[in-house]
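Enquirer: Have a look; sequence and predicted model below, questions after that.
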Amino acid sequence: MKRKKITALFVTCIMLLGAVGCGKTDSPDTATSGDAEAVVYPTESSLKGTGPATAEDLASSSDANESAQLKDGDVLVDINFDDGTDNGFVTYTNGGSFELKNEEGQLVADIKNCGGLDYANQAYWDGFALSKNCVYTYSFDVSCDIERKLEYRLQINGGDYHAYQGEVIDIGPEVTNFTVDFEMTEESDPAPRIVFNMGKMEDMSSDPGEHKIYIDNIKLEVKDASNAIEVSALPSYVNVGIDQMGYKPDDSKIAVVKTDSTDDEEFIVCDANTNETVYAGKLGNPIYDYGAELNVRRADFSEFKTEGEYYVYTNEGASYKFEINSNPYKDIYTDTVLMLYRQRCGVEIENSDAFNHPACHTDEATVYGDESKKMDVSGGWHDAGDYGRYTVSTAKTIADLLLSYEDFGVEDDQMGIPESGNGIPDILDETRVGLDWMLKMQDPETGGVYHKVTCAVFPETVPPQEETDELLLAPISVAATGDFAAILAKASVTYKDIDPDFSKTALEAAEKAWDYLESLDTFKGYSNPKDIVTGEYGDKNILDERYWAAAELCLAGVDGTKDFVTGTNLDDVKEGLGWADIGLYANYDLAKSDDADLSKIGKDVIKTYADELVAQSENTGYYLCFGSGFDWGSNMRVANDGMLLYMAGKVTGEASYTDLAKRQRDYLLGTNALGYCFVTGYGSFHPENPHHRPSQFAGQAMTGMLVGGPDRNLDDPYAIAVLTEESAAMSYVDNAQSYSTNEVTIYWNSPLIYLLAAEQ
């Protein structure tokens, strides 16, 4: 597209005023002043910038203070059990045991064991809202076979799970018609929870034995709505998405604008400090984005290369601020790596302010099913918003870190971890934390690898040192053993010259794990034992783990593994870069091999999958490689796609793959339908309330964490409550209760580390 040229007089004025409009490029006009040549960008436009968007301005423009549409007498909850069902009530146990059923039109909790906590037996129900300053009447009928206490609660569904209203009441064989009036004094909550706690209460000296509790006629009614206000669960969003970190001068620079206009519309780039227009252009053709379910147009200002702080302005509004400089990603790259340090387990964490803590989870773990066998499995990283440590997700994390080092040569040894300054790149020091822990997860007798170490249930919102329940080693799994063999074999090659002794240990452990796999007659996927309810990381398709193991062992020089690689039908291998489908890790390393046969296998697979991503990206406005497939952890999918595209660029030499890879980075850092920079602590608009226990306990978000992102399946009650009307790409909410959209994990950060390492 042609862009208008400014007059020489206007050029001179801008140069004299010192406006940022000069830089080096091939296409714009040039003007000569003395011996220096100044580049002049097109800046004529009818638009005038009014300043970059800010999160505060958007919040104040939302409908947050509108009066709630509540009326006195509105019945918000009215549950009886006359239909013979449990009406959607859910059970939770933590040391207790009970069954929930319908008997003669009542909800019956058949208590088998009271456990040791008041919430050891809990029945709960979601599906209503509480509005600030509204007065409610809450009522229910309750009775019990024995005299005991029960706690009712209307509580927050996340964080510290505190009660907005609740108390412990006496119940017995006679039906109690309980009624209470209360005012919601806290901020409105679109997704609270009705709870009945039926565990061991304060007056119980011992377990009273089996008994039944009967609940019926649960009602929540508005008593006085005169002062009620409703806080919107969702903010207003910008119409102009931009990478909020910015761009290097020679980068492709593209903002995406939400607009239904099809006219020949302009956009401008403005100096963020003076609002001066420094570049003008025309929006691209309209594109329908299936994920966001709206029309968008692209604003391409790639030819503008002058360093500074800017924003893009259009008829639809302004973008957030961004920078152009030689490395706008340095700080965010460092913090995404430091996130792993802050997630370290088993050691004291220092120099992390609110996230310092003493050594945690240092007790020996009990092998599930064999209480006499205990093992030291301290170390590693807390996986996510909880404190579990999982072999398969750790293997994916390590693979991404090793590839970041191998592919981009990141050598920084002063990132701020305890090992900084030791002469080894910090990214490899941090990787050793995961590798050393994985070595502990191998059964010394069989060579098999335990799937995970967690407590039996997830902890409450406590810091890591206060999760003190018994640690359990979940059973050995094929998936864990295959991942272990693969990543330890790969590490043996990476560390061969850096730490020969460790390299030898790693390869021996990998071979022992492979021998275990070779000894098996059948290969079963993993599922949780009935007594462990923490993250399962279940995976029924496990040929890809064995294929990855064979590939890395082959590349490490272990005899007898090449035949497994070449003899595997790749149609049966689950390709991917996740914790479950991981075949692309194997094929990428094969593609880089000096063995021509192995290299061809890997290159063909990598190129085939990359070409599919390219084709899919052409049908979306935000350059994503999937249309509306926003599932749990969609941001990992974006980052993984970026990784694969970089890989394809490296093994084929085609720059188009790398260009599209950078668009995935831009999406994660702000060029998306929501306008979020999805990394905590970075950009003008970022998540502040992640589902992450240390952050929830500290009352502030740990910096440098990539959140999960939009999830069209609405896999938690809060998401269901506030996102039901949203499109797939908009199905995200910055709330600690929404674990399906706003949790964090080490293996979501790790592919982002790879994308940012590419810029270092």
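Expert: Yes, it's here. Residues are numbered from 1 along each chain as shown.

Enquirer: just checking, Trp632 touches Asn713?
Expert: Yes - in this structure Trp632 lies within contact range of Asn713 using Cβ atoms under 8 Å: 6.7 Å. No exception for glycine: its C-beta is placed from N, CA and C like everyone else's.

Enquirer: where's Val493 relative to Glu411, distance?
Expert: 18 Å (Cβ to Cβ, to the nearest Å).

Enquirer: The two: who's more crowded?
Expert: Ranked by neighbour count (other Cβ atoms under 10 Å), Val493 and Glu411 place Val493 first, with 18 against 12.

Enquirer: Let me know whether that one touches Leu555 as I believe.
Expert: Yes - assessed by Cβ under 8 Å, Val493 is found in contact with Leu555 at 6.6 Å.

Enquirer: ok so, going back, shared neighbours of Trp632 and Asn713, which are they?
Expert: Taking Cβ atoms under 8 Å, 6 or more residues apart in numbering as the criterion, Trp632 and Asn713 both touch Ser740.

Enquirer: which of these two has more neighbours?
Expert: Trp632 (19 against 13).

Enquirer: Helix or strand: which one has the more buried one?
Expert: Trp632 belongs to no helix or strand when elements are defined using DSSP states H and E.

Enquirer: Please report the distance of it from Pro694.
Expert: On the measure of Cβ to Cβ, Trp632 and Pro694 end up 21 Å apart.

Enquirer: Name the SS class of the residue lying closest to Tyr164 once chain neighbours are set aside, please.
Expert: Nearest non-adjacent residue to Tyr164, counting by Cβ to Cβ, 6 or more residues apart in numbering: Leu154, 5.1 Å away. Here Leu154 is recorded as strand under DSSP: H, G, I helix; E, B strand; the rest coil.

Enquirer: contacting residues around Leu154?
Expert: 130, 138, 163-166, 182, 192-195, 220.

Enquirer: Read off the pLDDT value for it.
Expert: At Leu154, the model reports a pLDDT of 98.

Enquirer: now the one 5 residues further on
Expert: The model reports Gly159 with a pLDDT of 72.

Enquirer: before we move on, which element is it in?
Expert: Using DSSP H and E, no helix or strand contains Gly159.

Enquirer: what residues are up against it?
Expert: Per Cβ under 8 Å, 6+ apart, neighbours of Gly159: 461, 696, 736-737.

Enquirer: and if we set it to 10 Å?
Expert: Gly159 is in contact with 460-461, 689, 691, 693, 696-697, 699, 735-737, counting by Cβ atoms under 10 Å, 6 or more residues apart in numbering.

Enquirer: for Leu150, same thing?
Expert: So Leu150 contacts 109, 118, 142, 144, 167-171, 176, 178, 196-199, 201, 213, 215 (Cβ under 10 Å, 6+ apart).

Enquirer: how far away is Ser326 from Ala655?
Expert: Counting by Cβ to Cβ, the gap from Ser326 to Ala655 is 20 Å.

Enquirer: thinking again about what came up before, show me the common contact partners of Val493 and Leu555, please.
Expert: Asp589.

Enquirer: who's in contact with the residue nearest to Ile532 when sequence neighbours are not counted?
Expert: Nearest non-adjacent residue to Ile532, counting by Cβ to Cβ, 6+ apart: Ala456, 5.5 Å away. Residues near Ala456 by Cβ under 10 Å, 6+ apart: 93-95, 368, 469-472, 529, 531-534.

Enquirer: Can you select the buried ones from those in PyMOL?
Expert: Burial among the contacts of Ala456 is assessed by 16 or more other Cβ atoms under 10 Å; the matching PyMOL selection reads:
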select buried, resi 93+94+95+368+471+472+532+533+534
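
Enquirer: Could you dump the contacts of Ala456 into TSV and include distance to Pro42?
Expert: Formatted as TSV, the contacts of Ala456 follow (distance: Cβ to Cβ, whole Å):
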residue	distance to Pro42
Thr93	67
Asn94	65
Gly95	69
Tyr368	67
Asp469	65
Glu470	68
Leu471	64
Leu472	65
Pro529	66
Asp531	68
Ile532	63
Val533	61
Thr534	58
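
Enquirer: Just flag the most distant two among the contacts of Ala456.
Expert: Thr93 and Leu471 (19.1 Å; Cβ to Cβ).

Enquirer: Which of the contacts of Gly159 sits closest to Phe564?
Expert: His691 (40.0 Å).

Enquirer: my guess is that closest one meets Glu743, correct?
Expert: Yes - between His691 and Glu743 there is a contact at 4.1 Å, judged by Cβ atoms under 10 Å.

Enquirer: pLDDT below threshold where in this protein?
Expert: 1-40, 59-68, 231 (pLDDT under 70).

Enquirer: what about 80?
Expert: 1-43, 58-68, 158-160, 230-232 (pLDDT under 80).

Enquirer: Tell me how far the residue nearest to Ile532 lies from Thr671.
Expert: Ala456 is 42 Å from Thr671, by Cβ to Cβ.

Enquirer: What of Ala354?
Expert: On the measure of Cβ to Cβ, Ala354 and Thr671 end up 30 Å apart.

Enquirer: Comparing these two, which shows the higher neighbour count?
Expert: Higher neighbour count among Ala354 and Thr671: Thr671, with 26 against 14, using other Cβ under 10 Å.

Enquirer: so what's the more buried one up against?
Expert: Here Thr671 is in contact with 240-244, 254-256, 298, 319, 322, 621-623, 663-665, 677 (criterion: Cβ under 10 Å, 6+ apart).

Enquirer: Need the three-state assignment for it.
Expert: Going by three-state DSSP: Thr671 is coil.

Enquirer: Just read off the phi/psi values of it.
Expert: Main-chain dihedrals, Thr671, degrees, to the nearest 10: phi -80, psi 70.

Enquirer: same deal with Val478?
Expert: Per degrees, to the nearest 10, the backbone of Val478 is at phi -60, psi -40.

Enquirer: tell me, how many neighbours does Gln465 end up with?
Expert: 15.

Enquirer: Looks to me like it is in a helix.
Expert: Yes - counting by three-state DSSP, Gln465 is part of a helix.

Enquirer: From the structure, what's the count of residues near Ser226?
Expert: Counted with other Cβ under 10 Å, Ser226 comes out at 10.

Enquirer: which stretch of helix or strand covers it?
Expert: Judged by DSSP H and E, Ser226 forms part of no helix or strand.

Enquirer: gap between it and Gln69?
Expert: Ser226 is 13 Å from Gln69, by Cβ to Cβ.

Enquirer: ok so, going back, of the contacts of Thr671, which belong to strands?
Expert: In strands, defined here by DSSP state E, the members of those are 240-241, 254-256, 298, 322.

Enquirer: Can you mark which positions in the strand or helix carrying Tyr516 are buried?
Expert: Here Tyr516 sits within helix 500-519, counting by DSSP H and E. Residues of helix 500-519 classed as buried by neighbour count (16+ other Cβ under 10 Å): 502-503, 505-507, 509-514, 516-517.

Enquirer: Which neighbouring elements make contact with it?
Expert: The contact analysis (3 or more Cβ pairs under 10 Å, 6 or more residues apart in numbering; DSSP states H and E) places helix 500-519 against helix 426-440, helix 478-494, helix 543-555, helix 562-567.

Enquirer: quick one: the shortest one to chain centroid distance?
Expert: What it means is helix 562-567. Distance, stretch centre to chain centre, for helix 562-567: 35 Å (Cα atoms, centre = their mean, to the nearest Å).

Enquirer: So which residues of the stretch 251-400 of the chain form strands?
Expert: 254-258, 266-271, 277-282, 287-289, 294-300, 308-314, 317-318, 322-324, 365-367, 370-375, 389-390 (DSSP state E, counting those that start in this stretch).

Enquirer: Could you name the helices and strands sitting against the helix ranked longest in the chain?
Expert: If you go by DSSP state H, the chain has its longest helix at helix 596-617. Contacts defined by 3+ Cβ pairs under 10 Å, 6+ apart place helix 596-617 against helix 543-555, helix 562-567, helix 583-591, helix 634-652, helix 655-668.
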